[in-house]
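Enquirer: pasting the structure only:
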């Protein structure tokens, strides 16, 4: 079992609030709080949401942070 502190840290890195994760998982905020405090086991689907959200907070590899996905077309 993964420690609740790891889940709480992952939520912070992902910049996820308890209320937001509750909406995304269809649970209430109290359930998410129990996951974070280790009172209930964290379901795998909640971990998946947190991990995917955390990845979207990281700059893409080999891409400048101010790139914004735009690349000018090269001249023929």
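Expert: Sure thing, it's come through. Not measured: the values here are computed from a predicted model.

Enquirer: Over to residue 40. Which of the three states is it?
Expert: coil (DSSP: H, G, I helix; E, B strand; the rest coil).

Enquirer: Grab the longest helix from this structure for me.
Expert: Criterion DSSP state H: the longest helix present in the chain is helix 44-56.

Enquirer: same for that one, what does it pack against?
Expert: helix 4-13, helix 18-25 (3 or more Cβ pairs under 8 Å, 6 or more residues apart in numbering; DSSP states H and E). C-beta coordinates here come from the backbone N, C-alpha and C atoms, glycine included.

Enquirer: can I get those in a markdown table with mean pLDDT, mean neighbour count and distance to residue 47?
Expert: What follows is these, written out as a markdown table (pLDDT from 0 to 100; neighbours: other Cβ atoms under 10 Å; distance: least, Cβ to Cβ, whole Å):
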| stretch | mean pLDDT | mean neighbour count | distance to residue 47 |
| --- | --- | --- | --- |
| helix 4-13 | 90 | 16 | 7 |
| helix 18-25 | 97 | 16 | 11 |
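
Enquirer: For the nearest residue to residue 21 once chain neighbours are set aside, list the residues it contacts.
Expert: Leaving aside its sequence neighbours, residue 21 sits nearest to residue 32 (Cβ to Cβ, 6 or more residues apart in numbering; 5.0 Å). Going by Cβ atoms under 8 Å, 6 or more residues apart in numbering, residue 32 touches 18-19, 21-22, 25, 46.

Enquirer: Now with 7 Å, please.
Expert: By Cβ atoms under 7 Å, 6 or more residues apart in numbering, residue 32 lies in contact with 18, 21-22.

Enquirer: circling back: dump the helices and strands packed on helix 44-56 into a markdown table; add distance to residue 51 as well.
Expert: Formatted as a markdown table, those follow (distance: least, Cβ to Cβ, whole Å):
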| stretch | distance to residue 51 |
| --- | --- |
| helix 4-13 | 7 |
| helix 18-25 | 12 |
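
Enquirer: which residue packs closest to residue 24, ignoring adjacent ones?
Expert: residue 49 (5.3 Å).
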